[in-house]
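Show me how the following folds:
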Amino acid sequence: MKADEIKETLLDYQKKLEGILGRFKRTRDAIKIGNSDESYLRKIVIELKDFLEDVFGKQNSYSANIINYYNNGQANFLNMPSYASVEQIRDVVSAVITRISRNPELLMKTGEKQSRADLKEPAKVTLPWLFHHVPVKYWISFFGLLLASFFIGIQASRLSLVQEILNLRKQTLQEDRTGLEPAESTNIFADVSKDGSILRSNNFPWKIRKSNEQDGNVLYTIIDRRGDATAISVVPDNPKYTVYQSYDGMVIKFTCAEEKMSDFTIKVKF
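Below is the predicted model:
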(Lines give C-alpha, C1' and ligand atoms only; values in the text may rest on other atoms or scores of the structure.)
Protein backbone atom coordinates (compact mmCIF):
# COMPACT_ATOMS: atom_id res chain seq x y z
CA MET A 1 0.00 0.00 0.00
CA LYS A 2 1.05 3.58 -0.61
CA ALA A 3 1.60 6.06 2.20
CA ASP A 4 -1.57 8.00 1.38
CA GLU A 5 -3.69 4.84 1.49
CA ILE A 6 -2.22 3.83 4.85
CA LYS A 7 -2.82 7.29 6.29
CA GLU A 8 -6.40 7.26 5.05
CA THR A 9 -7.02 3.88 6.72
CA LEU A 10 -5.49 5.03 10.00
CA LEU A 11 -7.49 8.27 9.94
CA ASP A 12 -10.63 6.17 9.58
CA TYR A 13 -9.66 4.10 12.64
CA GLN A 14 -8.85 7.29 14.55
CA LYS A 15 -12.28 8.64 13.73
CA LYS A 16 -13.92 5.41 14.93
CA LEU A 17 -12.00 5.53 18.23
CA GLU A 18 -13.05 9.13 18.79
CA GLY A 19 -16.63 8.05 18.16
CA ILE A 20 -16.27 5.40 20.86
CA LEU A 21 -14.85 8.01 23.26
CA GLY A 22 -17.81 10.26 22.54
CA ARG A 23 -20.26 7.50 23.47
CA PHE A 24 -18.83 6.79 26.94
CA LYS A 25 -21.50 7.37 29.60
CA ARG A 26 -20.96 8.96 33.01
CA THR A 27 -22.65 7.35 35.94
CA ARG A 28 -22.52 8.21 39.59
CA ASP A 29 -19.58 5.94 40.28
CA ALA A 30 -17.82 5.42 36.89
CA ILE A 31 -17.45 6.29 33.19
CA LYS A 32 -18.65 3.33 31.14
CA ILE A 33 -18.12 2.42 27.50
CA GLY A 34 -21.22 2.46 25.29
CA ASN A 35 -23.41 -0.63 25.32
CA SER A 36 -22.39 -1.92 21.86
CA ASP A 37 -18.91 -0.38 21.76
CA GLU A 38 -17.12 -2.99 23.87
CA SER A 39 -17.16 -5.64 21.16
CA TYR A 40 -16.73 -2.95 18.52
CA LEU A 41 -13.53 -1.74 20.26
CA ARG A 42 -12.21 -5.31 20.47
CA LYS A 43 -12.73 -5.69 16.72
CA ILE A 44 -10.93 -2.41 16.02
CA VAL A 45 -7.98 -3.39 18.22
CA ILE A 46 -7.55 -6.72 16.38
CA GLU A 47 -7.80 -5.03 12.99
CA LEU A 48 -5.30 -2.33 13.98
CA LYS A 49 -2.82 -4.91 15.26
CA ASP A 50 -3.00 -6.90 12.01
CA PHE A 51 -2.90 -3.80 9.84
CA LEU A 52 0.17 -2.34 11.56
CA GLU A 53 1.95 -5.68 11.39
CA ASP A 54 1.27 -5.79 7.65
CA VAL A 55 2.74 -2.31 7.30
CA PHE A 56 5.67 -2.40 9.74
CA GLY A 57 6.20 -6.12 10.29
CA LYS A 58 5.33 -8.30 13.24
CA GLN A 59 8.05 -6.90 15.49
CA ASN A 60 6.74 -3.32 15.72
CA SER A 61 6.09 -1.33 18.89
CA TYR A 62 2.81 0.19 17.72
CA SER A 63 0.92 -3.11 17.66
CA ALA A 64 2.39 -4.15 21.00
CA ASN A 65 1.40 -0.85 22.63
CA ILE A 66 -2.16 -1.06 21.34
CA ILE A 67 -2.59 -4.59 22.75
CA ASN A 68 -1.04 -3.56 26.09
CA TYR A 69 -3.28 -0.50 26.43
CA TYR A 70 -6.36 -2.55 25.58
CA ASN A 71 -5.50 -5.27 28.12
CA ASN A 72 -4.55 -2.82 30.86
CA GLY A 73 -7.74 -0.85 30.24
CA GLN A 74 -9.83 -3.82 31.32
CA ALA A 75 -7.96 -4.32 34.60
CA ASN A 76 -10.59 -2.53 36.68
CA PHE A 77 -13.51 -3.49 38.90
CA LEU A 78 -15.90 -3.22 35.94
CA ASN A 79 -13.81 -5.54 33.70
CA MET A 80 -14.57 -3.18 30.82
CA PRO A 81 -12.34 -1.03 28.63
CA SER A 82 -11.57 2.27 30.33
CA TYR A 83 -11.85 5.72 28.80
CA ALA A 84 -8.12 6.27 29.30
CA SER A 85 -7.22 3.04 27.45
CA VAL A 86 -9.24 4.07 24.39
CA GLU A 87 -7.52 7.49 24.50
CA GLN A 88 -4.11 5.75 24.59
CA ILE A 89 -5.00 3.54 21.62
CA ARG A 90 -6.20 6.59 19.68
CA ASP A 91 -2.95 8.41 20.53
CA VAL A 92 -0.88 5.51 19.16
CA VAL A 93 -2.82 5.66 15.87
CA SER A 94 -2.29 9.44 15.78
CA ALA A 95 1.46 8.98 16.35
CA VAL A 96 1.69 6.52 13.44
CA ILE A 97 -0.11 8.98 11.15
CA THR A 98 2.30 11.75 12.15
CA ARG A 99 5.36 9.57 11.54
CA ILE A 100 4.20 8.45 8.10
CA SER A 101 3.42 12.07 7.14
CA ARG A 102 6.92 13.18 8.14
CA ASN A 103 8.80 10.23 6.65
CA PRO A 104 6.94 8.45 3.81
CA GLU A 105 10.16 6.59 2.82
CA LEU A 106 9.94 4.75 6.13
CA LEU A 107 7.34 2.43 4.59
CA MET A 108 9.65 1.52 1.73
CA LYS A 109 12.57 0.73 4.06
CA THR A 110 10.37 -1.24 6.39
CA GLY A 111 8.91 -3.19 3.48
CA GLU A 112 12.39 -4.14 2.24
CA LYS A 113 13.43 -5.30 5.72
CA GLN A 114 10.29 -7.34 6.06
CA SER A 115 10.80 -8.91 2.63
CA ARG A 116 14.33 -9.94 3.56
CA ALA A 117 13.12 -11.33 6.88
CA ASP A 118 10.37 -13.36 5.21
CA LEU A 119 12.64 -14.62 2.44
CA LYS A 120 13.75 -18.20 3.05
CA GLU A 121 16.85 -19.67 1.48
CA PRO A 122 15.81 -22.23 -1.15
CA ALA A 123 17.25 -25.72 -1.32
CA LYS A 124 18.65 -24.84 -4.74
CA VAL A 125 19.19 -21.33 -6.12
CA THR A 126 17.93 -21.09 -9.71
CA LEU A 127 17.66 -18.26 -12.22
CA PRO A 128 13.83 -18.09 -11.92
CA TRP A 129 14.21 -17.82 -8.13
CA LEU A 130 16.74 -15.00 -8.49
CA PHE A 131 14.58 -13.09 -10.98
CA HIS A 132 11.60 -13.40 -8.65
CA HIS A 133 13.32 -12.43 -5.39
CA VAL A 134 16.25 -10.12 -6.23
CA PRO A 135 15.20 -6.42 -6.41
CA VAL A 136 15.37 -4.70 -9.79
CA LYS A 137 18.00 -2.19 -8.62
CA TYR A 138 20.46 -5.03 -7.99
CA TRP A 139 19.87 -6.45 -11.47
CA ILE A 140 20.51 -3.00 -12.93
CA SER A 141 23.78 -2.76 -10.99
CA PHE A 142 24.80 -6.27 -12.09
CA PHE A 143 24.19 -5.66 -15.78
CA GLY A 144 25.86 -2.24 -15.49
CA LEU A 145 29.01 -3.88 -14.12
CA LEU A 146 28.81 -6.58 -16.79
CA LEU A 147 28.56 -3.99 -19.56
CA ALA A 148 31.42 -1.96 -18.07
CA SER A 149 33.60 -5.09 -17.91
CA PHE A 150 32.79 -5.80 -21.57
CA PHE A 151 33.92 -2.35 -22.71
CA ILE A 152 37.03 -2.50 -20.52
CA GLY A 153 37.88 -5.82 -22.15
CA ILE A 154 37.51 -4.26 -25.60
CA GLN A 155 39.81 -1.39 -24.66
CA ALA A 156 42.35 -3.78 -23.16
CA SER A 157 42.36 -5.90 -26.33
CA ARG A 158 42.95 -2.79 -28.43
CA LEU A 159 45.88 -1.85 -26.21
CA SER A 160 47.32 -5.36 -26.50
CA LEU A 161 46.96 -5.22 -30.29
CA VAL A 162 48.84 -1.91 -30.41
CA GLN A 163 51.59 -3.34 -28.23
CA GLU A 164 51.90 -6.40 -30.49
CA ILE A 165 52.19 -4.14 -33.56
CA LEU A 166 54.87 -2.04 -31.87
CA ASN A 167 56.82 -5.15 -30.82
CA LEU A 168 56.54 -6.53 -34.35
CA ARG A 169 57.98 -3.33 -35.79
CA LYS A 170 60.77 -3.39 -33.22
CA GLN A 171 61.67 -6.99 -34.05
CA THR A 172 61.59 -6.22 -37.77
CA LEU A 173 64.05 -3.36 -37.32
CA GLN A 174 66.37 -5.54 -35.24
CA GLU A 175 66.30 -8.31 -37.84
CA ASP A 176 66.95 -5.87 -40.66
CA ARG A 177 70.06 -4.66 -38.82
CA THR A 178 71.35 -8.23 -38.40
CA GLY A 179 70.68 -9.14 -42.03
CA LEU A 180 67.98 -11.70 -41.18
CA GLU A 181 64.52 -11.62 -42.69
CA PRO A 182 61.58 -11.14 -40.29
CA ALA A 183 60.76 -14.47 -38.74
CA GLU A 184 57.05 -13.71 -38.89
CA SER A 185 57.15 -14.03 -42.67
CA THR A 186 56.87 -17.80 -42.27
CA ASN A 187 54.81 -19.97 -40.01
CA ILE A 188 57.61 -22.40 -39.10
CA PHE A 189 61.09 -21.03 -38.50
CA ALA A 190 64.15 -21.14 -36.26
CA ASP A 191 66.89 -18.55 -35.84
CA VAL A 192 70.10 -20.55 -35.46
CA SER A 193 73.50 -19.38 -34.25
CA LYS A 194 76.66 -20.47 -36.05
CA ASP A 195 77.40 -22.97 -33.25
CA GLY A 196 74.07 -24.74 -33.87
CA SER A 197 71.99 -23.47 -30.91
CA ILE A 198 68.45 -22.23 -31.54
CA LEU A 199 68.12 -18.54 -30.67
CA ARG A 200 64.39 -18.22 -31.36
CA SER A 201 61.75 -20.36 -33.00
CA ASN A 202 58.07 -20.62 -33.93
CA ASN A 203 56.30 -23.96 -34.45
CA PHE A 204 59.75 -25.52 -34.78
CA PRO A 205 59.80 -28.70 -32.63
CA TRP A 206 63.11 -30.15 -33.84
CA LYS A 207 66.62 -29.92 -32.45
CA ILE A 208 69.70 -28.84 -34.44
CA ARG A 209 72.98 -30.74 -34.45
CA LYS A 210 76.10 -29.15 -35.89
CA SER A 211 78.94 -31.18 -37.42
CA ASN A 212 81.82 -30.79 -39.87
CA GLU A 213 82.92 -32.81 -42.88
CA GLN A 214 86.56 -33.72 -43.43
CA ASP A 215 86.82 -31.20 -46.25
CA GLY A 216 85.69 -28.42 -43.87
CA ASN A 217 82.06 -28.03 -44.96
CA VAL A 218 79.64 -27.30 -42.14
CA LEU A 219 76.54 -29.48 -41.58
CA TYR A 220 73.43 -28.63 -39.59
CA THR A 221 71.06 -31.58 -39.10
CA ILE A 222 67.40 -30.97 -38.26
CA ILE A 223 66.99 -34.10 -36.15
CA ASP A 224 63.99 -36.32 -36.98
CA ARG A 225 62.74 -33.92 -39.67
CA ARG A 226 61.33 -35.91 -42.60
CA GLY A 227 59.73 -34.85 -45.85
CA ASP A 228 60.49 -32.81 -48.91
CA ALA A 229 63.93 -31.23 -48.84
CA THR A 230 62.71 -28.38 -51.05
CA ALA A 231 60.47 -27.22 -48.17
CA ILE A 232 63.60 -26.13 -46.28
CA SER A 233 65.17 -22.76 -47.03
CA VAL A 234 67.88 -20.70 -45.37
CA VAL A 235 68.18 -16.94 -44.99
CA PRO A 236 70.55 -15.46 -45.93
CA ASP A 237 71.35 -17.81 -48.83
CA ASN A 238 75.09 -17.02 -48.78
CA PRO A 239 77.23 -19.05 -48.27
CA LYS A 240 75.78 -21.60 -50.65
CA TYR A 241 74.01 -24.55 -49.18
CA THR A 242 72.21 -27.75 -50.14
CA VAL A 243 69.49 -29.66 -48.33
CA TYR A 244 69.09 -33.44 -48.35
CA GLN A 245 67.46 -36.19 -46.32
CA SER A 246 69.66 -38.40 -44.13
CA TYR A 247 68.83 -41.35 -41.89
CA ASP A 248 68.50 -39.17 -38.75
CA GLY A 249 66.92 -36.04 -40.22
CA MET A 250 67.15 -33.25 -42.77
CA VAL A 251 70.71 -31.99 -43.38
CA ILE A 252 71.67 -28.45 -44.41
CA LYS A 253 75.16 -28.49 -45.88
CA PHE A 254 77.09 -25.21 -46.24
CA THR A 255 79.95 -25.37 -48.72
CA CYS A 256 82.28 -23.11 -46.80
CA ALA A 257 84.75 -23.10 -43.96
CA GLU A 258 83.39 -22.72 -40.46
CA GLU A 259 84.96 -19.27 -39.92
CA LYS A 260 82.83 -17.92 -42.77
CA MET A 261 79.58 -18.98 -41.10
CA SER A 262 77.24 -16.53 -39.36
CA ASP A 263 73.84 -16.75 -37.71
CA PHE A 264 71.03 -17.76 -40.06
CA THR A 265 67.29 -18.56 -40.20
CA ILE A 266 65.80 -21.89 -41.20
CA LYS A 267 62.30 -21.64 -42.70
CA VAL A 268 59.98 -24.57 -43.33
CA LYS A 269 57.19 -24.30 -45.89
CA PHE A 270 53.98 -26.33 -45.74
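
what about Arg28, how many neighbours?
4 (other CB atoms under 10 Å). Quick note: C-beta positions are derived from backbone N, CA and C, even for glycine.

who are the neighbours in contact with Met80?
Lys32, Ile33, Glu38, Gln74 (CB atoms under 8 Å, 6 or more residues apart in numbering).

Next, the contact list for the third one, please.
If I follow you right, that is Glu38. So Glu38 contacts Met80, Pro81 (CB under 8 Å, 6+ apart).

Angles on the backbone of the nearest residue to Cys256 once chain neighbours are set aside, please.
Nearest residue to Cys256 in three dimensions, chain neighbours excluded: Pro239, at 3.9 Å (CB to CB, 6 or more residues apart in numbering). Phi and psi for Pro239, reported as degrees, to the nearest 10, are phi -70, psi 160.

hang on, the earlier thing: ok, of the contacts of Met80, which come out buried?
Lys32, Ile33, Glu38 (16 or more other CB atoms under 10 Å).

The last one and Ile20: what is the separation?
What it means is Glu38. 9 Å (CB to CB, to the nearest Å).

just to revisit the earlier point, the residue nearest to Cys256 and Glu5, how far apart?
98 Å.

Looking only at neighbour counts, state which of these two leads.
Pro239 (16 against 9).

Am I right that Leu48 sits in a helix?
Yes - judged by DSSP: H, G, I helix; E, B strand; the rest coil, Leu48 forms part of a helix.

For burial, what's the neighbour tally of it?
24.

before we move on, what about Val93?
25.

before we move on, what about Asp228?
Residues lying near Asp228 (other CB under 10 Å) number 11.

re earlier: in helices only, show me the contacts of Met80.
Glu38 (DSSP state H).

Can you pull the domain assignment for the protein?
Using automatic domain parsing, the domain ranges for the chain come out as 3-118, 124-178, 183-268.

For these, which has the smallest mean pLDDT value?
Across the domains of the chain, domain 124-178 has the smallest mean pLDDT, namely a mean of 72.

ranges for the strands of the protein?
Assigned by DSSP state E, the chain shows strands spanning 25-26, 31-32, 188-192, 198-202, 208-212, 218-223, 232-235, 241-246, 249-254, 264-268.

Between the ones you listed, which one is closest to Leu159.
strand 198-202 (23.5 Å; CB to CB).

if we look at the closest one, which residues are touching it?
183-184, 187-193, 204, 207-208, 263.

still on that earlier bit, make a markdown table out of the contacts of Met80 and add distance to Ala64.
Below are the contacts of Met80 laid out as a markdown table (distance: CB to CB, whole Å):
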| residue | distance to Ala64 |
| --- | --- |
| Lys32 | 27 |
| Ile33 | 23 |
| Glu38 | 22 |
| Gln74 | 17 |
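
still on that earlier bit, compare the strands of the chain and report which one is nearest to Phe142.
When those are ranked by proximity to Phe142 (CB to CB), strand 198-202 comes first, at 42.2 Å.

what is the orientation angle of that closest one with strand 264-268?
30 degrees (axes from the mean of the first three to the mean of the last three CA atoms, to 10 degrees).

residues of strand 198-202 that come out buried?
Ser201.

likewise stretch 202-218?
Phe204, Trp206, Ile208, Lys210, Asn217, Val218.

list the buried ones in stretch 48-55?
Quick answer for stretch 48-55 (16+ other CB under 10 Å): Leu48, Lys49, Phe51, Leu52, Glu53, Val55.
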